[in-house]
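**Q** Here is a sequence with its predicted model. Questions after.
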Amino acid sequence: MSQYTNLIKTPEYDFLRTDQNLGKNVCLLTLGGSRAYGTNLPDSDVDIRGVALNSSSQLFGLTPDFEQIVETNTDTVVYSIRKIVKLLMSCNPNTIEMLGCRPQDYIFKNEFGQALLDNKNAFLSKRAIESFGGYAEQQFNRLEHGLLGNGDNDDKKLKMLKDSLERDIESFSVRHSNDTFAAHINEVSTETLQMLYPNRKIEDDVSNEHLLISGNFSDMPVTDFKSIIGEIHNIQSEYGSINKRNTKKTDEKLAKHMMHLIRLYMMGTDLNTGKGIITYRSGHDHEILMSIRNGDYMTGEGMKVIPEFYELLESYQSKYAEAVKNTILPDESDKKALTNMMETIYISIIKEREK
């Protein structure tokens, strides 16, 4: 029995029993967030994630799927079975981790919750490459935005933007297995840019105007081309909208961004090398993550990352890239196994209704 079993019996969690979509429909409850990763502090919040069966009217009638119940006071999210299966098949990191917790971290599970756990490997596919790689890139951008929001790193803004764009281009090629696209980012002075574009007004400051992209591609699907253009546009827009007043972050939050970045590469590497879904990080992984969270890779001056962190990050990125290159993940989820699982669940719902 989980140590959190009594917690969900308290009045704060009455919604688990009284919500019309939850109650007896709940089939799985587990820890989420830092307590699931093993990176929590004694006073860390208790995040709970769960799954509930859809009602027969939602499955076979006209009642819409409730999709998810979010209760912010207790940091609880419970997904419908239909919604969670779609997210798990997309290898969404925020949900796939629910299937890799330690046995003692599952607060409640019945036969249907156990069926999800028994079929956890059936959800895995090469879609994890894009989902974990993409999430890691987003986490890195949050880190850099926090550093820039401090105001003491404005002189590094251009370099950070350049590095972020280059990582995204490299990540795109890996995630899409696309050998037909190659590009690189060049930094140029205001004078050079003015000579290249004499009719264009160039502001003499650190801005996006100082970066040029060069490259080539051939026989590239239009959807892939739109994707890379969209990613580049989003990164440029995010850096351009940084505001010192509303993006200032504490050392603790930045350290958590750094920690989660490394954790995503750890989990992604596990998936691609056949180790499965490992949410709780123990041993050396735990030591590294807690060292990052405790600020060992930041200076005492506040919100400044020491070079050793970027060396650590590069080593984990290299491990992840190598794992992706030699991935053992199948092209698609095991749809046959998942179909059998869902048929069994649906038949049980029908029988329950007949009773």
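**A** Ah, there it is.

**Q** doesn't residue 134 make contact with residue 268?
**A** No. Using Cβ atoms under 8 Å, residue 268 makes no contact with residue 134, being 10.3 Å away. (Each C-beta comes from the backbone N, C-alpha and C, glycine too.)

**Q** Neighbour count: those two, which is higher?
**A** Taking neighbours as other Cβ atoms under 10 Å, residue 268 and residue 134 compare with residue 268 leading, 24 against 17.

**Q** Residue 340 is in contact with residue 122, correct?
**A** No. The criterion here is Cβ under 8 Å, and residue 122 misses it with residue 340 at 9.4 Å.

**Q** so how far is stretch 323-341 off the chain centroid?
**A** Remark: stretch 323-341 is offset 19 Å from the chain centroid, using Cα atoms, centre = their mean, to the nearest Å.

**Q** List the buried residues for it?
**A** For stretch 323-341, the neighbour count (16 or more other Cβ atoms under 10 Å) marks 323, 324, 327, 329, 333, 334, 338, 341 as buried.

**Q** start to end distance for it?
**A** 30 Å (Cα to Cα, to the nearest Å).

**Q** re earlier: format the buried residues of stretch 323-341 as JSON lines; extra columns: pLDDT.
**A** JSON lines is the format used below for the buried residues of stretch 323-341 (pLDDT from 0 to 100):
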{"residue": "323", "pLDDT": "94"}
{"residue": "324", "pLDDT": "93"}
{"residue": "327", "pLDDT": "95"}
{"residue": "329", "pLDDT": "96"}
{"residue": "333", "pLDDT": "96"}
{"residue": "334", "pLDDT": "97"}
{"residue": "338", "pLDDT": "97"}
{"residue": "341", "pLDDT": "96"}
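
**Q** Would you tell me which one of those residues comes nearest to residue 54?
**A** Residue 54 has its nearest neighbour among the buried residues of stretch 323-341 in residue 341, at 14.3 Å by Cβ to Cβ.

**Q** For that closest one, give its distance to residue 55.
**A** Per Cβ to Cβ, to the nearest Å, residue 341 is found 19 Å from residue 55.

**Q** Residue 100 now?
**A** For residue 100, the distance to residue 55 - Cβ to Cβ - is 28 Å.

**Q** Next: residue 291.
**A** Residue 291 is 47 Å from residue 55, by Cβ to Cβ.

**Q** These two: which has the busier surroundings?
**A** residue 55 (18 against 14).

**Q** Which pLDDT value goes with residue 10?
**A** Residue 10 is assigned a pLDDT of 95 by the prediction.

**Q** mind checking how far it is from residue 16?
**A** For residue 10, the distance to residue 16 (Cβ to Cβ) stands at 10 Å.

**Q** These two - which one has more neighbours?
**A** Remark: of residue 10 and residue 16, residue 16 carries more neighbours, 22 against 9, as counted by other Cβ under 10 Å.

**Q** So for whichever strand or helix holds that one, mean pLDDT?
**A** Per DSSP states H and E, residue 16 falls inside helix 15-18. Computed over helix 15-18, the mean pLDDT rounds to 96.

**Q** do the same with stretch 133-151
**A** Rounded mean pLDDT across stretch 133-151 is 69.

**Q** and if you look at stretch 26-44?
**A** 95.

**Q** what comes up buried for it?
**A** Buried, per 16+ other Cβ under 10 Å, within stretch 26-44: 26-40.

**Q** quick one: contacts of it?
**A** 4, 8, 16, 45-53, 75, 77-78, 81, 97-98, 101, 105-113, 116-117, 259, 263, 279-282, 286, 289-290, 293 (Cβ atoms under 8 Å, 6 or more residues apart in numbering).

**Q** Now go through these and say which are in helices.
**A** Applying DSSP state H to the contacts of stretch 26-44, the entries found in helices are 16, 81, 111-113, 116-117, 259, 263, 286, 289-290, 293.
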